[in-house]
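Asker: Structure for the following, please:
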Amino acid sequence: MGNQSRSPLYTQVYCLVKEIPPGQVATYGQIACLLGNPRMAKVVGGALNACRDTGVPCHRVVNRTGGLAGAFSPFGKETHRLLLEMEEVPFLPDGRVDLEKCRWPGPESPQPQKK
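Answerer: Here you go, the predicted model:
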């Protein structure tokens with residue numbers, strides 16, 4: 001099927017994920033909504049799984065409940081958690097990210113131009 005990681009949709013995912021600052025996370029569904037299709041969360045996950053660009057902070061995207069990705073290289077959820085802990089992302093006692101404390105509000109809307 002070729003190199004999907006370079007498809008226009010995947011590129012949009014990567015550009016948006018690059019905007020998530022350290023210490024904050026977004027959900028797959030949140031990224032899908034921001035891209036205009038809330039039913040595309042699995043496609044967002046596929047794009048991040050295919051990403052080989054170390055400049056894209058894929059670890060800052062979690063599932064809708066704050067759960068971590070088991071497919072995260074090299075050690076699955078443990079690697080995912082370690083990368084987030086290094087950015088001081090808070091966790092709940094059950095191991096999920098505390099979305100109430102660190103969910104990214106989304107990209108800043110453009111400032112209206114002054115007349």
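
Asker: Contact partners for the residue nearest to the spatial centre of the chain?
Answerer: What sits nearest the mean C-alpha location of the chain, by Cα atoms, centre = their mean, is Val61, with 2.4 Å. When contacts are counted by Cβ atoms under 8 Å, 6 or more residues apart in numbering, Val61 touches Val17, Ile20, Val25, Ala26, Thr27, Tyr28, Ile31, Val44, Gly45, Leu48. From N, CA and C alone the C-beta is placed, and that goes for glycine too.

Asker: May I ask which of these has the most neighbours?
Answerer: Counting neighbours by other Cβ atoms under 10 Å, the top entry in those is Val44, with 27 neighbours.

Asker: sorry, back to before: what's the closest of the contacts of Val61 to Phe72?
Answerer: Ranked by distance to Phe72 (Cβ to Cβ), the contacts of Val61 are led by Leu48 at 9.4 Å.

Asker: Checking that closest one next. Helix, strand or coil?
Answerer: helix (DSSP: H, G, I helix; E, B strand; the rest coil).

Asker: Repeat that for Gln12.
Answerer: At Gln12 the chain is in helix, as set by three-state DSSP.

Asker: any idea where the strands of the chain begin and end?
Answerer: All strands of the chain, identified by DSSP state E, fall at 26-27, 61-62.

Asker: between those strands, which one is nearest to Pro107?
Answerer: Per Cβ to Cβ, nearest to Pro107 of these: strand 26-27, 10.2 Å.

Asker: just checking, what packs against that closest one?
Answerer: strand 61-62 (3 or more Cβ pairs under 8 Å, 6 or more residues apart in numbering; DSSP states H and E).
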